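1. just the structure for this:
(chains A and B)
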Amino acid sequence: MACQGLQKGETLESLKRESETLKKKLEEERNKLNDVELHQVAEKVEALGALSMKTRRVLKGHGNKVLCMDWCKDKRRMVSSSQDGKVIVWDAFTLNKEHGVPLPCTWVLACAYAPSGCAIACGGLDNKCSVVPLSLDKNENLAAKKKSVAMHTNYVSGCTFTSSDMQILTSSGDGTCALWDVESGQLLQSFHGHTADVLSLDLAPSETGNTFVSGGCDMKANVWDMRSGQNIQSFENHESDINCVKYYPSGDAFASASDDATCRFYDLRADREVAVYQKDSIIFGASTCDFSLSGRLLFAGYNDYTINVWDVLKGTRASILFGHENRVSRVRVSPDGTALASASWDSTLRIWA
Amino acid sequence: MKDSIANNSTASISQARKAVEQLKMEACMDRIKVSKAAADLMAYCEAHIREDPLIVPVPASENPFREKKFFCTIL
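-> Take a look at the predicted model:
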């Protein structure tokens, strides 16, 4: 859509008014279908038993805040990245550090494991996302094999491989998300629509097709069609920055964690927020969230150093996990659902089971 | 100066028009009732809850993180 002049009778004010009218109409349409609340329907669901999760491993090795982590599909390896510029690949069973990649920038905000387990992606304040192939040879200098793939005009806040090692999806402080070809570094698709930094993204589970959700400082969560670049749905319920977004395992819903101290749950087919996870006693921002395998539990990490475990259906808190000594920056459930990994500004990672 | 003012307003108009188009497109979506959506979310949970090791724990011997035994590497 090129910059055109005004059409007949159109002014900036009339467009803004039309915008407001359409927004109200959208709300009305959504509200017509709001015949019941999720937690009311969930009253007949059996209550959860007591959860007996505790710290089973503490991974020490980073010199500064751990900002991001991701599990490998093999359910035992993990990659983590830190403010100290290091990316470490761990064997979570043995606590062995398998690889350490020093990067020239500090604040490596994002890291991801490739589906094959043979590479990792990382990025941050360098405005790039790079892919590093992992070698079996411990003596090999991995940093030398690092390949820049994504180039943004501001920090990279999140990255993930798509269904293969060949493409990565990134989110950035420049307000956009982008899809890249790893081999050529070519930009395949860019996603415009956020009006401020994008802080997080998550790919829909493979069965549900080619969409992803993003959240950012404009307090919006947007759902995108990967092929067309189109923003297909948008949710504006939070009252502050959205730090993390995560799909529900069925792909029909997603959750968000925000600086407004709440986590929220949205159903994509009903096109609305269906739950808010909050408590008067929780006043610190939530920076990260992830679902358990069945989707019944939502783990959320907060700036008050705790992880709250929410009953997704009933809307109540099921448990609190204490242990970290500073903000929890990332939580991720392992691929087979047996454990929760958490990363923290206290420079450690913990495994809970 | 006049040019830059013109550019600013063309950009805002373009943005405002895009916003209107986006909202029109979102308004056309086929939505389902929350009661149906909720029922489906619950059904998914119900179908998978027994395989969720953090809710229905598997025996410690089958969960490598809960196992008491530690692995040693030979240096």
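
2. skipping adjacent residues, who's closest to residue A:122 in space?
-> The shortest distance from residue A:122 to any residue other than its chain neighbours is 4.3 Å, reached at residue A:111 (C-beta to C-beta, 6 or more residues apart in numbering or on different chains). For every residue, glycine as well, the C-beta is placed using N, CA and C.

3. residue contacts, that neighbour?
-> Taking C-beta atoms under 8 Å, 6 or more residues apart in numbering or on different chains, we find residue A:111 in contact with A:68, A:69, A:70, A:79, A:80, A:81, A:87, A:120, A:121, A:122, A:123, A:159.

4. could you do residue B:41 as well?
-> Each residue near residue B:41 by C-beta under 8 Å, 6+ apart is listed here: A:38, A:248, A:250, A:252, A:253, A:267, A:274, A:295, A:312, A:313.

5. neighbour-wise, which of the residues you listed leads?
-> When neighbours are taken as other C-beta atoms under 10 Å in any protein chain shown, the top entry among the contacts of residue B:41 is residue A:312 (28 neighbours).

6. for the nearest residue to it once chain neighbours are set aside, give its distance to residue A:125.
-> Distances taken as C-beta to C-beta, 6+ apart put residue A:298 closest to residue A:312, at 5.1 Å, once the chain neighbours are dropped. Using C-beta to C-beta, to the nearest Å, residue A:298 is found at 30 Å from residue A:125.

7. which of these two has more neighbours?
-> The neighbour comparison of residue A:298 against residue A:125 (other C-beta under 10 Å) goes to residue A:298, with 25 against 17.

8. sec struct for residue B:42, please.
-> With DSSP: H, G, I helix; E, B strand; the rest coil as the basis, residue B:42 sits in helix.

9. pretty sure it sits against residue A:41.
-> Yes. With contacts counted by C-beta atoms under 8 Å, residue B:42 reaches residue A:41, the gap being 6.7 Å.

10. mind listing the shared neighbours of the two?
-> Common neighbours of residue B:42 and residue A:41 (criterion: C-beta under 8 Å, 6+ apart): none identified.

11. for stretch A:280-288, C-alpha coordinates in CSV please.
-> Below are the C-alpha coordinates for stretch A:280-288, written out as CSV (Å, rounded to 0.1, in the frame of the first residue of the first chain):
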residue,chain,number,x,y,z
ASP,A,280,-3.4,-9.4,45.0
SER,A,281,-0.2,-10.7,46.6
ILE,A,282,1.6,-10.9,43.2
ILE,A,283,2.8,-7.5,42.4
PHE,A,284,5.9,-8.2,40.4
GLY,A,285,6.0,-8.6,36.6
ALA,A,286,5.9,-12.1,35.0
SER,A,287,8.7,-12.5,32.5
THR,A,288,8.1,-16.0,31.2
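
12. and it, how far out from the chain's middle?
-> Centre-to-centre, stretch A:280-288 and its host chain are 17 Å apart (C-alpha atoms, centre = their mean, to the nearest Å).

13. how close does the closest residue to residue A:253 other than its chain neighbours get to residue A:114?
-> Distances taken as C-beta to C-beta, 6+ apart put residue A:267 closest to residue A:253, at 4.8 Å, once the chain neighbours are dropped. Residue A:267 is 31 Å from residue A:114, where distance means C-beta to C-beta.

14. the longest helix along chain B - contacts with which helices or strands?
-> Assignment by DSSP state H gives helix B:2-27 as the longest helix of chain B. For helix B:2-27, the elements it packs on are helix A:12-32, strand A:231-235, judged by 3 or more C-beta pairs under 8 Å, 6 or more residues apart in numbering or on different chains; DSSP states H and E.

15. most packed of those?
-> Of all the helices and strands packed on helix B:2-27, strand A:231-235 carries the top mean neighbour count, a mean of 18, counting by mean count of other C-beta atoms under 10 Å in any protein chain shown.

16. that strand and chain B in contact?
-> Yes. Using C-beta under 8 Å from any C-beta of the partner chain, strand A:231-235 reaches chain B at A:231, A:232, A:233, A:234.

17. average pLDDT across the following helix or strand past that strand?
-> Downstream of strand A:231-235, the first helix or strand assigned by DSSP states H and E is strand A:242-247. For strand A:242-247, the mean pLDDT works out to 98.

18. does strand A:242-247 reach chain B?
-> No. Interface with chain B: strand A:242-247 contributes nothing (C-beta under 8 Å from any C-beta), its closest point being 12.2 Å away.

19. try stretch A:169-181
-> No. On the criterion C-beta under 8 Å from any C-beta, stretch A:169-181 is out of touch with chain B, staying 12.6 Å away.

20. any buried residues in that stretch, and which?
-> By neighbour count on 16 or more other C-beta atoms under 10 Å in any protein chain shown, the buried set for stretch A:169-181 is A:169, A:170, A:171, A:172, A:173, A:174, A:175, A:176, A:177, A:178, A:179, A:180.

21. doesn't residue A:286 make contact with the residue nearest to residue A:312?
-> No. Using C-beta under 8 Å as the test, residue A:298 is too far from residue A:286 to be in contact (10.1 Å).

22. using the three-state scheme, assign residue B:39.
-> In three-state terms, and counting by three-state DSSP, residue B:39 is helix.

23. quick one: it and chain A, what's the gap?
-> Separation of residue B:39 from chain A (C-beta to the nearest C-beta, to the nearest Å): 7 Å.

24. ok, that residue to residue A:269 distance?
-> According to C-beta to C-beta, residue B:39 stands 11 Å off from residue A:269.

25. quick one, which of the two is more surrounded?
-> residue A:269 (18 against 14).
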